[in-house]
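Chemist: here's a sequence, model it:
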Amino acid sequence: MPDRIPMRIAHALPGRTRLVPLGQTDAEVLRSCAARLEELDGVTVAIRGNSLILTHRDPWAEISAALDHVGLTLACHATRVPIATMAAAVGRLDARISAASAGRMDLTNAAFLGLMAGGIVQLVRGNLAGPAATLFSQALTLALLHTKAQER
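Modeler: Predicted coordinates:
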């Protein structure tokens, strides 16, 4: 068992961080990492697959500073949260759809039309009870949410 265990951040949200050991690890190494991290005040650790899920009340900066104290080395830091990356991509797609349609269409309208078209296809195929009803209800939900957002 090495004295220093190199780790990397696989995913981070406020109060929750997923660490993955670098290189090949076995269950014993993960248990050792978890035990070392449990020594930190206010940190709970769960082993999931080949990673450690840290739930912490302190800001990540304070936790990462304490990693060296418990024998873990942070190899690199995640710069963006994947959800923020996806939200930015959806925003760019929405802007492109709006620009291509001269402002007559946006991503919400395109999704609504896609759900309606899918519901009609399933209805024509005779699949009313499951797929068609689900697609139509999702389209209705999207339309209602869009209407409420427009009212604000």
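Chemist: longest strand of the protein, counting residues only.
Modeler: Ranked by number of residues, the top strand in the chain under DSSP state E is strand 5-13.
Chemist: burial count for S64?
Modeler: 15 (other Cβ atoms under 10 Å). (C-beta placed from N, C-alpha, C; glycine too.)
Chemist: and what of T85?
Modeler: Neighbours around T85, by other Cβ under 10 Å: 11.
Chemist: and the one 5 residues further on, by the same measure?
Modeler: Per other Cβ under 10 Å, the neighbour tally for V90 reads 11.
Chemist: look up the closest residue to it, ignoring the ones flanking it.
Modeler: L107 (6.9 Å; Cβ to Cβ, 6 or more residues apart in numbering).
Chemist: and the one you found, how far from F136?
Modeler: Note on L107: its distance to F136, by Cβ to Cβ, to the nearest Å, is 19 Å.
Chemist: give me the more crowded residue out of these two.
Modeler: Set L107 next to F136 and count neighbours by other Cβ under 10 Å: F136 wins out with 18 against 15.
Chemist: check contacts around that one.
Modeler: The neighbours of F136, taking Cβ atoms under 8 Å, 6 or more residues apart in numbering as the test, are L115, M116, G119.
Chemist: what average pLDDT does the helix or strand that contains it get?
Modeler: Secondary structure assignment for F136, by DSSP states H and E: helix 133-151. Mean pLDDT, helix 133-151: 90.
Chemist: can you give me the buried ones in that helix?
Modeler: Buried residues in helix 133-151, defined by neighbour count with 16 or more other Cβ atoms under 10 Å: L135, F136, Q138, A139, L142.
Chemist: before we move on, what about stretch 103-117?
Modeler: For stretch 103-117, by 16+ other Cβ under 10 Å, it's D106, T108, N109, F112, L115, M116.
Chemist: ok, now stretch 43-61?
Modeler: Neighbour-count burial for stretch 43-61 [16+ other Cβ under 10 Å]: V43, V45, S51, L52, I53, L54, H56, W60.
Chemist: now do stretch 89-106
Modeler: I97, S98, D106.
Chemist: and M116, what pLDDT?
Modeler: Taking M116 on its own, its pLDDT is 96.
Chemist: still on that earlier bit, what about the longest strand of the chain, distance to the chain center?
Modeler: Remark: strand 5-13 is offset 15 Å from the chain centroid, using Cα atoms, centre = their mean, to the nearest Å.
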